[in-house]
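Visitor: Build me a structure from this.
(2 chains)
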2 protein chains.
Amino acid sequence: MRDKEILDFEKHRLIPVIVQDIESNEVLMLGYMNREALEKTLSTGKMHFFSRSRQRIWLKGEESGHCQFLKELYVDCDRDSLLAKVEQIKAACHKGYRSCFYQRLEGKNWKVVGKKIFEPEQVYKKEKEERWGESRE
Amino acid sequence: MRDKEILDFEKHRLIPVIVQDIESNEVLMLGYMNREALEKTLSTGKMHFFSRSRQRIWLKGEESGHCQFLKELYVDCDRDSLLAKVEQIKAACHKGYRSCFYQRLEGKNWKVVGKKIFEPEQVYKKEKEERWGESRE
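Guide: This next block holds a predicted model:
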């Protein structure tokens, strides 16, 4: 499937993508896609994004294994943002929480209200160790 | 409350804001806030956004009356996007649907899967008529 037929990247090079758990309806994260990230997402069924800080495409879960399988994709009325309903492996947030939105405003402060379900240092350290000797794309 | 204390607008002038129905958990829309829009949202309890096309602050529902009352505000791990849980009056979308995400990808086409709950022409026409003789900011 060619995304050029379904979305216009001429106006906005990067499109924000809301990622929502298809079972619980919890909002998990917000990422950005360019044309290539959308094409890879649609062709593989796994969420790919464009990292603004690293300026490259990334497969969500490429290090942690915490992939997101695309189940349904929605576009908004202006066709400049997407909503992806996904099956989330373990957790979306690299800080160890199910959702990246784990801090809620209370008074003038952000309070952690999410429950930590993994320790980032263990997951990412483990991944690094496993990659010794492996070639990476 | 001063948003400067809770969010840094120096890095990103506009922050994407996911708006979610606090009761049904349906994602209603994605908007953008600058510092002023966030301040107005927090001081009034009604969602305000910055319109990229009109380059001005707008109160959600200023024409239609379809306001959004802020109930909970979350920030993501990178502190560069927000999730607002709201009570939505009638509908979020100016096209007449409850959610702006009323089109789902099916094959290579966007298919309307949302149910239209009001006729935009009637709502916006009515508003225009009511505004005769009124001064507007």
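
Visitor: Wondering if stretch A:70-88 reaches chain B at all.
Guide: Yes. Shown here: stretch A:70-88 in contact with chain B (Cβ under 8 Å from any Cβ of the partner chain) through A:Glu72, A:Leu73, A:Tyr74, A:Val75, A:Asp76, A:Cys77, A:Asp78, A:Ser81, A:Leu83. Every residue, glycine included, has its C-beta placed from N, CA and C.

Visitor: Stretch A:23-41 too?
Guide: Yes. For stretch A:23-41 and chain B, the contact criterion (Cβ under 8 Å from any Cβ) is met by A:Ser24, A:Asn25, A:Glu26, A:Val27, A:Met29, A:Leu30.

Visitor: Am I right that the fifth one falls within a helix?
Guide: Pointing back at A:Met29 there. No. Counting by DSSP: H, G, I helix; E, B strand; the rest coil, A:Met29 is not found in a helix; it is strand.

Visitor: quick one: it and B:Asp78 touch, right?
Guide: No. A:Met29 is not in contact with B:Asp78 according to Cβ atoms under 8 Å; the separation is 9.6 Å.

Visitor: quick one on the thing from earlier: who wins for neighbours among the residues of stretch A:23-41 next to chain B?
Guide: A:Met29 (27 neighbours; other Cβ atoms under 10 Å in any protein chain shown).

Visitor: Let me know the pLDDT of that one.
Guide: A:Met29 carries a pLDDT value of 98.

Visitor: which residues does it bridge with?
Guide: When bridges are called by DSSP bridges, A:Met29 pairs up with A:Val19.

Visitor: Most widely separated two among the residues of stretch A:70-88 next to chain B?
Guide: Maximum pairwise distance among the residues of stretch A:70-88 next to chain B (Cβ to Cβ): 19.2 Å, between A:Glu72 and A:Asp78.

Visitor: Give the residues shared as contacts by A:Met29 and B:Asp78.
Guide: A:Cys100 (Cβ atoms under 8 Å, 6 or more residues apart in numbering or on different chains).

Visitor: my guess is A:Val113 contacts A:Tyr102, does it?
Guide: Yes. A:Val113 is within contact range of A:Tyr102, at 6.4 Å (criterion: Cβ under 8 Å).

Visitor: need the residues of chain A near chain B, please.
Guide: So chain A meets chain B at A:1, A:5-6, A:16, A:18, A:20, A:24-27, A:29-30, A:72-78, A:81, A:83, A:93-95, A:97, A:100-105, A:108-110 (Cβ under 8 Å from any Cβ).

Visitor: I'd like to know which of those residues are buried.
Guide: Burial by neighbour count, 16 or more other Cβ atoms under 10 Å in any protein chain shown: within the residues of chain A next to chain B this picks out A:6, A:16, A:18, A:20, A:26-27, A:29-30, A:73-78, A:81, A:83, A:93-95, A:97, A:100-105, A:110.

Visitor: What is the least confident helix or strand in chain A?
Guide: helix A:120-130 (a mean of 73; mean pLDDT, DSSP states H and E).

Visitor: Okay, and the beta partners of A:Gln68?
Guide: With DSSP bridges as the rule, A:Gln68 is bridged to A:Gln88.

Visitor: Assess the claim that it and A:Met47 are in contact.
Guide: Yes. With contact defined as Cβ under 8 Å, A:Gln68 reaches A:Met47; the gap is 4.0 Å.
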